[in-house]
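[1] sequence and computational prediction follow.
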There are 2 protein chains.
Amino acid sequence: MSTSTTINEREEGLVFQPKFDASGLVTCVATDAATGSVLMVAHMNDEALRKTIATGEAWYFSRSRNALWRKGETSGQTQRVVEMRTDCDQDAVWIRVEQTGAACHTGRHSCFYRKVDAADGGARLSFVDADRQFDPAQVYRK
Amino acid sequence: MSTSTTINEREEGLVFQPKFDASGLVTCVATDAATGSVLMVAHMNDEALRKTIATGEAWYFSRSRNALWRKGETSGQTQRVVEMRTDCDQDAVWIRVEQTGAACHTGRHSCFYRKVDAADGGARLSFVDADRQFDPAQVYRK
């Protein structure tokens, strides 16, 4: 990717030239291909993007573990990519996936299992779609 | 938000305590409440979150302009928030919105108007759902 890439080429062109942040990452939103629900928001580096595109399985880069990571490699909860899209400025990708089991490390289907509502001038949370599909203590035990 | 917040409180609690990054931002994914399509990925700071929750309209923080921004304030393409959710570690929110017109500054309904496909060991883009609903040159003229 050239630093001389113009906005117009990035927004209107057909060359995939991800705009990585200072840490070398783009944001990835994974949605459930069947329901449209957002499953998770995570990050991909260049290698994770390449592997995802080449294999059709979701790979991410974990900022906390500073490591490339094939989704489901520990938990078995893999994601098959049905479609990948990039956004206007190419700093985010959206993948529609077939999720095996649950996307969230807490055992829920989606990471977004709490609703945010206005309350008393601030906000409060409430659980929604929060049933666990697996027990994290079992799945991630060492 | 206390730095002593435990992972368990953040993941399993009912207190909204967004985990802002070093720039004071969380990631926000906006989807179309009617279709489930991802419209855009943007960022919110504390004030944008508060205003979004209090008003039911989407506010963001623009990293490029370093400014709070009510979605549609220039273009008229506002977003009414039907539901907000937060993810397990509270560093991202998902809003389902009723989008007036088009979400993308290029005039498309969604920012994700290009598909990424594997090609020749790399990737290529193709336009999909890329019809413009407005002419950016008209909407954003000074």
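    Happy to help now that I have it.
[2] which one is the residue in chain A that chain B sits nearest to nearest to, not counting chain neighbours?
    Residue of chain A nearest chain B, by C-beta to the nearest C-beta: A:Gly36 (2.3 Å). All C-beta atoms are positioned from the backbone trio N, CA, C, and that covers glycine. Residue nearest to A:Gly36 in three dimensions, not counting chain neighbours: B:Gly36, with 2.3 Å by C-beta to C-beta, 6 or more residues apart in numbering or on different chains.
[3] do the same with A:Glu47
    According to C-beta to C-beta, 6+ apart, the nearest residue to A:Glu47 is A:Leu68 (5.7 Å).
[4] now do the same contact list for the one you found.
    A:45, A:47-48, A:51, A:59-62 (C-beta atoms under 8 Å, 6 or more residues apart in numbering or on different chains).
[5] got the CA positions of whichever helix in chain A runs longest in CSV?
    The residue-count maximum for a helix in chain A (DSSP state H) belongs to helix A:46-55. Extracted in CSV, the C-alpha atoms of helix A:46-55 (Å, rounded to 0.1, in the frame of the first residue of the first chain):
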residue,chain,number,x,y,z
ASP,A,46,-2.4,-8.0,7.6
GLU,A,47,-1.8,-11.7,8.2
ALA,A,48,-5.2,-12.3,9.8
LEU,A,49,-6.8,-10.6,6.8
ARG,A,50,-4.8,-12.7,4.4
LYS,A,51,-5.5,-16.0,6.2
THR,A,52,-9.2,-15.2,6.5
ILE,A,53,-9.5,-14.4,2.8
ALA,A,54,-7.5,-17.4,1.7
THR,A,55,-9.1,-20.0,4.0
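[6] count the neighbours of the nearest residue to A:Ala123 once chain neighbours are set aside for me.
    Once flanking residues are discounted, A:Ala123 sits nearest to B:Phe16: 4.3 Å by C-beta to C-beta, 6+ apart. By other C-beta atoms under 10 Å in any protein chain shown, the residues close to B:Phe16 number 20.
[7] surely B:Phe16 is in contact with A:Asp120?
    No. Counting by C-beta atoms under 8 Å, B:Phe16 does not reach A:Asp120; the two are 11.7 Å apart.
[8] and the residue located most distally from the centre of chain A, how far from B:Gly76?
    The C-alpha centroid of chain A is most remote from A:Asp120, which lies 32.6 Å away (C-alpha atoms, centre = their mean). Distance, A:Asp120 to B:Gly76, by C-beta to C-beta, to the nearest Å: 32 Å.
[9] and A:Arg65, by the same measure?
    From A:Arg65 to B:Gly76 the distance is 44 Å (C-beta to C-beta).
[10] A:Glu73 too?
    In terms of C-beta to C-beta, A:Glu73 sits 46 Å off from B:Gly76.
[11] likewise A:Gly36?
    Counting by C-beta to C-beta, the gap from A:Gly36 to B:Gly76 is 26 Å.
[12] and these two? which has more neighbours close in?
    Each of A:Gly36 and B:Gly76 has its neighbours counted (other C-beta under 10 Å); A:Gly36 has more, 15 against 10.
[13] got the phi and psi for the residue nearest to A:Asp87 when sequence neighbours are not counted?
    Distances taken as C-beta to C-beta, 6+ apart place B:Cys111 nearest to A:Asp87, at 4.0 Å, with adjacent residues excluded. The phi/psi pair for B:Cys111 (degrees, to the nearest 10) reads phi -70, psi -20.
[14] my read is that B:Cys111 contacts B:Met40, right?
    Yes. Judged on C-beta under 8 Å, B:Cys111 makes contact with B:Met40 at a distance of 4.6 Å.
[15] now do the shared contacts for the two.
    Common neighbours of B:Cys111 and B:Met40 (C-beta under 8 Å, 6+ apart) are A:87, B:103-104.
[16] adding distance to A:Trp94, neighbour count and secondary structure, write these out as TSV.
    As requested, the shared contacts of B:Cys111 and B:Met40 are arranged in TSV below (distance: C-beta to C-beta, whole Å; neighbours: other C-beta atoms under 10 Å in any protein chain shown; DSSP: H, G, I helix; E, B strand; the rest coil):
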residue	distance to A:Trp94	neighbour count	secondary structure
A:Asp87	7	25	coil
B:Ala103	13	30	coil
B:Cys104	13	23	coil
